[in-house]
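structure of the sequence below:
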Amino acid sequence: MSNTEDPLAPLEALPGVAEAVESVRKATDRLYGHRVMRRRSSEVSAEAALRGARGSAALDGADWALEEVRRRSDFGVEGEARTVGAALRVTAEAGQLLDVWRQSPLRVLARLHLVAASGAAPDDTVGRPRLAGEPVDDPAGLGLVLPDADEVSARLDGLAELVAAGSAAPALVMAAVVHGELLSLRPFGSHNGVVARAAERIVLVGSGLDPKAVCPSEVGHAEAGAEAYASGLTGYASGRPDGMSDWIGHCARAVGLGVRESTAVCEAMQRGAA
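Residues are numbered from 1 along each chain as shown. Sure, this is the predicted structure:
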């Protein structure tokens, strides 16, 4: 695909994007070079999934301590427990959908929403984009303008075409666009946040940047805070070059913080503390 055909190519040229991409590449390379990753990468992956799910739930208002998430098994109740349970299920499911993503991203999104919302939303709304007039939950309080159902449908189709066609753009750029587009659209009546963050994870893992899923960007998004998250998404939704570059930079920092988290896990394992 040439640059003239690649809709993401202009984003690579935005100020700060090349530096953000390089910072992520260096950070992931350092983590993958850790001696613990050579022997116990599956354990690091499992821990990253748990911590990523915790971070994703925190952004939707269920900011539980990690040990509480680890200890609990009853996530079917209302409120925060259901939010944490949805994040755990979606994070686990995302790892099973990597092969489907490039062929049918809309099918993957529908599956992720089904896993997140089943039992918590009306059955006829689960696993499908919202229709005209249907309400949309906003647990993160993003406050973005809500596109109508026709615009959602058209832009979802465009996103699916982009994913299926592929891009020469770095994985970070594609992941930031997928995440930003999904939360700008909020295509489902609920659980848009956990679905969007899982889709970002799928892109980072499926692209080969983080093939072992040990760089949980959800951790970084949560650590940066809800205000920074909402601000970054507002920039993306504006469509302005500075807003887009700011969002890509925000996603780069989120991945970097996820790398830091998993590096700490590796260090604890090396010391025999985990």
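
in stretch 137-152, what's buried?
The neighbour-count check on stretch 137-152 (16 or more other Cβ atoms under 10 Å) flags 137, 139-140, 142, 144, 146-147, 152 as buried. C-beta here means a position set from N, CA and C on the backbone, and glycine is covered the same way.

likewise stretch 72-86?
For stretch 72-86, a neighbour-count test (16+ other Cβ under 10 Å) marks 75, 80-86 as buried.

how about stretch 11-18?
By neighbour count with 16+ other Cβ under 10 Å, stretch 11-18 contains the buried residues 11-12, 14, 17.

name the nearest of the residues you listed relative to Gly256.
Val17 (14.7 Å; Cβ to Cβ).

from memory that closest one sits against Val177, does it?
No: using Cβ atoms under 8 Å, Val17 makes no contact with Val177, being 11.5 Å away.

give me the mean pLDDT for the strand or helix carrying Glu68.
Under the criterion of DSSP states H and E, Glu68 resides in helix 66-71. For helix 66-71, mean pLDDT is 94.

after that helix, which helix or strand is next?
helix 80-94.

list of residues touching the next helix or strand after that following helix?
Scanning forward in sequence from helix 80-94 by DSSP H and E, the next helix or strand is helix 98-101. By Cβ atoms under 8 Å, 6 or more residues apart in numbering, the surrounding residues in contact with helix 98-101 are 107-108, 111, 163, 202-203, 205-206.

narrow those residues to those that are buried.
Neighbour counting with 16+ other Cβ under 10 Å marks 108, 111, 163, 202-203, 205-206 as buried within the contacts of helix 98-101.

now the residue found closest to Pro129 once you drop the neighbours it is linked to in the chain: phi and psi?
With Cβ to Cβ, 6 or more residues apart in numbering as the criterion, Pro129 has its nearest non-adjacent residue at 4.5 Å, and that residue is Pro187. Here is the backbone geometry of Pro187 (degrees, to the nearest 10): phi -70, psi -20.

quick one, what contacts the residue lying closest to Val126 once chain neighbours are set aside?
What sits nearest to Val126 in space, not counting adjacent residues and going by Cβ to Cβ, 6+ apart, is Ala117, at 4.8 Å. By Cβ under 8 Å, 6+ apart, the residues touching Ala117 are 86, 125-127, 188-191.

10 Å - rerun?
Taking Cβ atoms under 10 Å, 6 or more residues apart in numbering, we find Ala117 in contact with 82, 86, 90, 123, 125-127, 137, 188-192, 194-195.

which stretches of the stretch 51-200 of the chain have low pLDDT?
Applying pLDDT under 70 to the stretch 51-200 of the chain picks out residues 77.

all helices for this structure, in order.
With helices called from DSSP state H, the chain shows them at 9-12, 17-32, 35-59, 66-71, 80-94, 98-101, 105-117, 149-165, 171-185, 192-206, 217-224, 226-238, 241-271.
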